[in-house]
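J.: sequence first, predicted model second:
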Amino acid sequence: MTENDVIAFVSGLPGVVAFTAAEDNGAPRAAWGDTFFYYDPDDEPANRKMPFATIVVKDYEGFDTASDLNRPGVFRVNIGVGRAVFEELLGYPPAAHADHHEALDYRVPDRILPHPLYATQSWVCVLNPGDGTAEQVRALLTGAHTRAAARHRTGECTTRA
């Protein structure tokens, strides 16, 4: 999957707004090129507090560098999957991530990994989804979209994982 494949897939889900940060839309320079996916069927920018998935295309120096995204052609898909799915995928609950963090290589492509910074909030990631993960990434993105839609319908705070 390319970045454009991911954007097209997620944007095709009902009620999704995809926002790619750029200079011309007033986004902070650090985020330029990154894409954020929100469930916002009413197209109300004020509702876009927390994305359910993102694509990050570069390191955030001093903050998020574990995936070494500054390599040519490397991008990371990040997905908020919820506690149960996180544990099913990784074999431990999000709260236990600190016990596993040091043993992980976050630079490996085409592999479901805990997010290097947001694992405790039930986020997973995949660098350059390929043959090994593309189908699973689509399913996880669809599940994250379903969770975001359910939160929207119930009025639940969009920042809960």
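T.: Yes, it's here.
J.: contacts, neighbours, all on C-alpha from now
T.: Fine.
J.: and the residue of the chain positioned farthest from its centre, how far from Leu113?
T.: Distance to the chain centre peaks in the chain at Asp24, reaching 23.1 Å (criterion: C-alpha atoms, centre = their mean). The gap separating Asp24 from Leu113 is 33 Å, by C-alpha to C-alpha, to the nearest Å.
J.: with Thr146 instead?
T.: In terms of C-alpha to C-alpha, Thr146 sits 21 Å off from Leu113.
J.: of these two, who's got more company?
T.: Remark: of Thr146 and Leu113, Leu113 carries more neighbours, 22 against 16, as counted by other C-alpha atoms under 10 Å.
J.: please settle this for me: is the residue farthest from the centre of the chain part of a helix?
T.: Yes - under DSSP: H, G, I helix; E, B strand; the rest coil, Asp24 sits within a helix.
J.: quick one: it and Gly33, what's the gap?
T.: For Asp24, the distance to Gly33 - C-alpha to C-alpha - is 11 Å.
J.: tell me which element Val17 is part of?
T.: strand 16-20 (DSSP states H and E).
J.: tabulate the CA atom coordinates of that strand in CSV.
T.: This file holds the C-alpha atoms of strand 16-20, laid out as CSV (Å, rounded to 0.1, in the frame of the first residue of the first chain):
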residue,chain,number,x,y,z
VAL,A,16,-14.5,10.6,6.9
VAL,A,17,-12.6,13.8,6.5
ALA,A,18,-9.0,13.4,5.5
PHE,A,19,-6.8,16.4,6.3
THR,A,20,-3.2,16.6,5.0
